[in-house]
Every structure is written in C-alpha cells, then in structure tokens.
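Engineer: only geometry, no sequence info:
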C-alpha cells in the first residue's frame, strides 16, 4: 500500500479559461500519481444544460485536455476528468472522448484504456420512479419534485459521486471522462481506490476542485498539488508567485457555500468543523481533523434539471441625469406600465438590472442609497418567440428614454443607448430541478463504457 498519493489539479474548471502552462509543467515535473480536473459547474447557469452545449471555447477545452493527456501518458499515470464540457451531458462526454481519440492519433500515443460514463437521464424513467412512490426531495428550500415540474423539464443529469470513477479505475482505465460529477469525486476517487481514508480523500477533493483558488495571491487557472497520506492532506501551490497558506486554504472552505463546514456528495458528507490547518512549508498547508460521515440507508444522488423559458433579447441604457437617477425606481415602474399596456394578454417576462444601484445583488443589496453619478440599465425581455421577445425588450428599453417624471420640463430623453437596437441573447432556461433521488445501487443512474485508444487500437 502506498504511503502517500500526489494529485495535480491544473484548472478549477477545465477549458473555462486556458490552463496556465508554466505552473502545469512545474507540477508535471514532480511526477505526480494522478492528473485530475473538474470540467463543469452549475455556476454557469441552466442554459448549457438546457441547450446541451458548452459555454467554454472548444480550443480551450482541447488545450487543457492535451496538456493533461500528454503528461499523464508520458508518465503512465491515470487522468480523470469530471462533468465533461461544462454541463456533463452525453453529447459533451462524446465530444471529450473524441478529443482524446483525436489527440491520441495526432501524437501517436501508445495504446491505452479509455473509460467514460454518461449522466444524462430519461424523463420517462424518472416519471416511472415517481409513479412507483419514489420521493424526489428538494434541496436548498425547494419543495419535493412534482410530476408537472418533471414533465416540463428539458434535460436532466445526475451528479455522480466516486462510484463510476472507482469502477473505471478498478477496470484498469488510464483515462476517464465523466459525465456530470460532484467536484470532489474526481479527486477523491483515486485516493479511495488506492486505499487512503475517505476523510482525507474527500478533503483532498474539496480543496483541489478549484485548483489555485485555494492559494494566494489570487490567480486563476494555476496548478496545485494535493498530497494525501493516511494521516493528513497537504496542498501545495505550483505557480512561482503563489502560496497555499492557512488563510487561503481555510478560506476556500467558505467559497460558494452558506455553510463552510459541510461538503455533501453521493454517499455522505465531509465534516470540516474540526479541521486544523498548519503552515507546513513556504508553499504548503497541512490539514487534519476532517471527518467522513457516510449516509444511512439508500444513497441519494443529486439531480439537476433545466427547463426552457423562452427566447431572450437584451437592451442596454445609460443614465447620467441626477434627477432620473434619484427616481430610477419610478422610471422603471412607468416603463413596466407602458409595456403592460402594449402587450396586454401576452405571456412575457421583463426584467431590469440597474448597475450602480443593485445590479449585482438585487434585493439582497444592503446599500440603499445610490452613490453613483451614472447608471447602466440592462433590459431583459423574454417571450415564447424571438419576434415577441425583441418587441418586449425594445419597448422596455425605449420607454426609459421616454419616461416622464414630475417637474421635468425639457423634451429630451434622459437615457442613452449602447446600441440603437436590442441584442438577441438566444434561448433562456431556468433551473427546474435541484433535487435528490434515492438509489439502491449508486451505479444505476450511470452508464460506464470502456474502449482501447492509441496507435494500434482499431
């Protein structure tokens, strides 16, 4: 049994922006045991899942896969990627698998075993489970899933835990491309496969999944290395200008979460409430005290579902007039009234984001006084057809220019436009499913495939 395991995480989201090559090559030169990377997120919103597409550039995704593949094959160590193509749908898995095959041919790599698994689910299968009495529990305050919500959902993926990766590793896979996966699973699976304690395996996954986000000073897309032993986890920054410090590593536990102590995944949770952080050396922090809490009963797998809402257009207006700025809420109320009168009986959505007031945080914005000398108003119009969405958005944008406020005596409008037109923003979606489904077998929602790739493979 190995005494330690070293895993490189080159990028917090493969392909979202290109991996920085200097720190990657520094990491590769240390001859790690595994190359692992997460390639997806629900931070990108529901459109990628709903439209079954990537939001990352193809060339950037290929660039990152090529870096990892060539280093891993040269060193004859495994490479794991989860949530292929940003959203982890079947088509994104197929795209990554084809990239791997193309790269293997281009570089004349010796034969290797490629494993890949699908996470996309059929609505009919989920409906059958629901009809048989299975409860789909809502997460983050959602109600349990209803039949109507399921039937109107465009596309669903299950979020895999370590289980498909473990099966692929047990089958001797050299490269694994995963469908939608828990961020931590991509890194935890190799450590569990190699016999390391699950509390250290899952903590390594938690700290490595965003790569250099756990280092300081801030710098994205730089490589970090996690070292797992039977007693602890250590994380080391590879970029020459970065360090993994007690503050940066501990602070990363608060990233993207309301509770910094718990990390949930299929099969249990990681309890970080008693973690101890020590500065091990100049670039490395050591972590102990984490605890793995397995789930009791059936494993619960998270489901993500996206539903089409309609077509979207955007308008952009700039405002500098002090009186209009002070009365911007009244202006937008006037606009809403004009649009409602024009489109009476029509199903549409009209939203305004006022940057300089509360454009980022909306109702959660604690600063109630407008302190800016100018505002940017982004108008978002959504309707069933593109033509109707364009009309709603044009009306909503232009009425900002025409809005009449008390005490205004001039005839000129008080808004300017970045472009005279409104801009098509494609089909828009919203998250229709953020639920869990219980399963007896953690593999029953995932289809694992294996094949041989390389110079002599057919």
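Structural biologist: Happy to help now that I have it. Note that this is a predicted model, so its numbers are computed, not measured.
Engineer: Quick one: residues contacting residue 116.
Structural biologist: 84, 93, 96, 97, 176, 177, 178, 179, 448, 449 (C-beta atoms under 8 Å, 6 or more residues apart in numbering). C-betas here are computed from N, CA, C, even on glycine.
Engineer: quick one: low-confidence ranges for the stretch 301-450 of the chain?
Structural biologist: Counting by pLDDT under 70, the stretch 301-450 of the chain contains low-confidence residues at 411.
Engineer: in its sheet, what does the strand ranked longest in the chain sit against?
Structural biologist: Looking across the chain with DSSP state E, the single longest strand is strand 299-319. Applying DSSP bridges to the sheet, strand 299-319 is found paired with strand 155-158 (antiparallel), strand 375-383 (antiparallel), strand 416-417 (antiparallel), strand 423-439 (antiparallel).
Engineer: what's the most buried one of those?
Structural biologist: Mean neighbours per residue, mean count of other C-beta atoms under 10 Å, is largest over these for strand 155-158, with a mean of 25.
Engineer: just how off-centre is it within its chain?
Structural biologist: The chain centre lies 14 Å from the centre of strand 155-158; the measure is C-alpha atoms, centre = their mean, to the nearest Å.
Engineer: can you list contacts of the helix or strand following that strand?
Structural biologist: Proceeding N to C from strand 155-158, the next assigned helix or strand is helix 163-170, under DSSP states H and E. Applying C-beta under 8 Å, 6+ apart, the external contacts of helix 163-170 come out as 78, 80, 82, 115, 117, 176, 178-179, 181, 185-186, 189-190, 192-193, 266-267, 442-443, 446, 448, 450.
Engineer: picking up where we left off before, which one of the strands paired with strand 299-319 lies nearest to residue 197?
Structural biologist: Taking C-beta to C-beta as the criterion, strand 423-439 is the member of those that comes nearest to residue 197, at 24.6 Å.
Engineer: angle of that closest one against helix 163-170?
Structural biologist: With axes from the mean of the first three to the mean of the last three C-alpha atoms, to 10 degrees as the criterion, the two stretches strand 423-439 and helix 163-170 enclose an angle of 80 degrees.
Engineer: before we move on, back to that, from the contacts of residue 116, which land in helices?
Structural biologist: The subset of those located in helices under the criterion DSSP state H comprises 93, 96, 97.
Engineer: is it true that residue 279 touches residue 245?
Structural biologist: Yes. Between residue 279 and residue 245 there is a contact under C-beta atoms under 8 Å: 6.6 Å.
Engineer: Among these two, which residue is more densely surrounded?
Structural biologist: For the pair residue 279 and residue 245, the greater number of neighbours falls to residue 245 (19 against 15), based on other C-beta atoms under 10 Å.
Engineer: What distance do you get for the residue lying closest to residue 3 once chain neighbours are set aside to residue 143?
Structural biologist: Here the nearest residue to residue 3 in space, its sequence neighbours aside, is residue 229; by C-beta to C-beta, 6 or more residues apart in numbering that works out to 6.4 Å. Relative to residue 143, residue 229 is positioned 44 Å away (criterion: C-beta to C-beta, to the nearest Å).
Engineer: export the strands paired with strand 299-319 to TSV and tack on distance to residue 301?
Structural biologist: As requested, those are exported to TSV (distance: least, C-beta to C-beta, whole Å):
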stretch	distance to residue 301
strand 155-158	5
strand 375-383	31
strand 416-417	47
strand 423-439	6
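Engineer: Out of those, which gets nearest to residue 217?
Structural biologist: When these are compared by C-beta to C-beta, strand 375-383 sits nearest residue 217, at 29.5 Å.
Engineer: downstream neighbour of that closest one in the secondary structure list?
Structural biologist: Under the assignment DSSP H and E, the closest C-terminal helix or strand after strand 375-383 is helix 386-402.
Engineer: for that following helix, which positions count as buried?
Structural biologist: When burial is assessed from 16 or more other C-beta atoms under 10 Å, helix 386-402 yields the following buried residues: 388-401.
Engineer: Closest one to residue 201 out of those residues, please.
Structural biologist: Using C-beta to C-beta, residue 389 is the member of the buried residues of helix 386-402 that sits closest to residue 201, with 47.3 Å.
Engineer: Quick check, that closest one in contact with residue 309.
Structural biologist: No. Under the criterion of C-beta under 8 Å, residue 389 lies out of contact with residue 309, with a separation of 10.4 Å.
Engineer: Need the overlap of contacts for the two.
Structural biologist: In the contact map built from C-beta under 8 Å, 6+ apart, the residues linked to both residue 389 and residue 309 are residue 382.
Engineer: that older thread, wait, which of the strands paired with strand 299-319 is closest to residue 323?
Structural biologist: Using C-beta to C-beta, the nearest of the strands paired with strand 299-319 to residue 323 is strand 375-383, at 12.4 Å.
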